[in-house]
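Colleague: need coordinates for the below:
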Amino acid sequence: MKKIILIALLTLLPFSAHAESSLNKILSSGELKVGTTGDWDPMTMKDPATNKYVGFDIDVMRELAKDMGVKVTFVPTEWKTIVSGITSGRYDISTSVTKTPKRAEVAGFTDTYYKYGTVPVVLKKNLKKYSTWKSLNNKKVTIATTLGTSQEEKAKEFFPKSKLQSVEAPARDFQEVLAGRADGNITSSTEANKLVIKYPQLAIVPDGEKNPAFLAMMVGKNDKIWNDYVNDWIKSKKSSGFFEGLLTKYNLKSL
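Modeller: As a prediction, the model looks like this:
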């Protein structure tokens, strides 16, 4: 019934206002296509045992599709192509990414529903040597980044003196640290807290978080109808306690 009402409301809008909107396409086809990398714990992870996606963002997208009365299809993508997937129409929306000016040039962003800080990660045995951000900004230090991530750009700002080493998905920057090919990497505080549990040989540099960043879903840049719809949904879900419940489920800090 909710889906029928939404379609009826769309037909009342001028044709030019909704003809190209993803909202109209989703409701007509009965399918919400979501681009996701599946490699960002705990936001989106692909479970190798079941070949299914799990995580905070995955729960968000399943809930959005349920409330719209449509099925959800997760479209595999990588960090280096996640933006082009939106601009080319491969999917209607992405799981969360960091809002950056570069991405905003070509893609639209929904309202944010989570924020995090950025922290460096090093081998625990090297923690005395690399105990501060400043200690990692050294020409003898190699900092690993993952191609296409916001951290790749931030590493240039934080570590201008260091050697930057970028890896392509499915490889990840922290794996370079584990293998000893890099001295450190930077990532979200959210992921870092999970990494040091999963890999006890890693440690977060105890020098505080930097660069508070806001997560949001990406949509088509000029698709105001779809963007407004998702923003209204986010607002409603915040009021209902849905997001707070997910934060508790995944042991994340409050919004």
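Colleague: which helix or strand in this protein has the lowest average pLDDT?
Modeller: When the helices and strands of the chain are scored by mean pLDDT, DSSP states H and E, helix 15-18 comes last with a mean of 43.
Colleague: who does the longest helix along the chain touch, helix- and strand-wise?
Modeller: Longest helix in the chain by number of residues (criterion: DSSP state H): helix 224-240. Counting contacts by 3 or more C-beta pairs under 8 Å, 6 or more residues apart in numbering; DSSP states H and E, helix 224-240 packs against helix 22-29, helix 56-68, strand 218-220. Where C-beta positions appear, they are placed from N, C-alpha and C, glycine not excepted.
Colleague: cutoff 6 Å now
Modeller: If contacts are counted by 3 or more C-beta pairs under 6 Å, 6 or more residues apart in numbering; DSSP states H and E, helix 224-240 sits against helix 22-29.
Colleague: so for the helix it packs on, mean pLDDT?
Modeller: The pLDDT scores in helix 22-29 average 97.
Colleague: same deal with stretch 135-147?
Modeller: 96.
Colleague: could you shift the numbering so residue one becomes 45, and keep it that way?
Modeller: Got it, the first residue is 45 from now on, which makes the last one we talked about stretch 179-191.
Colleague: now do the buried residues in it.
Modeller: The neighbour-count check on stretch 179-191 (16 or more other C-beta atoms under 10 Å) flags 179-180, 185-190 as buried.
Colleague: re earlier: list the contacts of the longest helix of the chain.
Modeller: 62, 65-67, 152, 154-155, 157, 263, 287 (C-beta atoms under 6 Å, 6 or more residues apart in numbering).
Colleague: how far does it sit from the chain's center?
Modeller: 18 Å (C-alpha atoms, centre = their mean, to the nearest Å).
Colleague: so it versus helix 66-73, what angle?
Modeller: Helix 268-284 runs at 80 degrees relative to helix 66-73, counting by axes from the mean of the first three to the mean of the last three C-alpha atoms, to 10 degrees.
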